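> what's the 3D shape of this:
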Amino acid sequence: MRILVLCTGNSCRSQIAEGFLKKYLPQGSEVYSAGLDPQGVNPKAVIVMNEVGIDLSGHTSNHLNDYIDMQFDYIITVCDNAKEKCPIFPGGGKKVHLPFDDPADAVGSEEEILEEFRRIRNEIEKTVELAVKSFL
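Numbering: from 1, shown residues only. Below is the predicted model of the structure:
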């Protein structure tokens with residue numbers, strides 16, 4: 001199974017979703033994430049994923065054009081912007097929209113912002129775990 005997760009910046013939500021998909025999908029599955037306007041992996045996403053044992057430190061923020069010629073079983077959009085602007089991939093793939101709030105928009109103290117990242121991380125994990133069951 002090959003999955004592409006799309007977001008606007010490929011910095012938080014899609015990176016987190018990629019991490020959980022790799023955790024919950026069977027071995028041998030391929031998971032990629034990309035953005036419409038890559039912004040680099042958000043350090044707070046790395047921190048909150050490390051808290052649950054998933055290392056994003058080696059991840060890169062990629063542009064969706066890097067994968068345009070690949071075939072996917074599923075293309076998952078995790079924000080409305082990506083859903084609206086998602087190209088039709090030549091290799092097809094079932095589109096699934098799983099929208100989440102952007103933790104990068106959080107304001108407040110450092111701890112309040114990290115709490116918002118944790119909230120979104122937990123929401124993404126629950127949603128991904130359910131989605132994987134429907135994919136298999």
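
> What mean pLDDT does stretch 97-115 get?
Taken as a whole, stretch 97-115 has an average pLDDT of 96.

> What lies in contact with that stretch?
The set of residues external to stretch 97-115 that reach it, using CB atoms under 8 Å, 6 or more residues apart in numbering, is 8-9, 11-13, 17, 42, 44-45, 47-48, 76-80, 83, 116-117, 119-121, 123-124, 127-128, 131. Where C-beta positions appear, they are placed from N, C-alpha and C, glycine not excepted.

> Going through the residues you listed, which ones are buried?
Among the contacts of stretch 97-115, those classed as buried by 16 or more other CB atoms under 10 Å are 8-9, 11-13, 17, 42, 44-45, 48, 76-79, 83, 116-117, 120-121, 123-124, 127-128, 131.

> Now, the residues you listed that are in strands?
Ile76, Thr77 (DSSP state E).

> so Val52 touches Arg121, yeah?
Yes: between Val52 and Arg121 a contact is recorded at 7.1 Å, counting by CB atoms under 8 Å.

> Just grab the bridge partners of Tyr32 for me.
Beta bridges link Tyr32 to Leu4, judged by DSSP bridges.

> Around it, count how many other residues there are.
When counting by other CB atoms under 10 Å, one arrives at 19 neighbours for Tyr32.

> if I pick it, what's in contact with it?
By CB under 8 Å, 6+ apart, the contact list for Tyr32 reads Arg2, Ile3, Leu4, Val5, Glu18, Asn62, Tyr67, Met70.

> Next up, the contacts around the last one.
I take that to be Met70. Arg2, Leu4, Tyr32, Phe89, Gly91.

> Now for these: which two are most distant?
Maximum pairwise distance in these, criterion CB to CB, is 12.7 Å, between Tyr32 and Gly91.

> With that, I have no additional questions.
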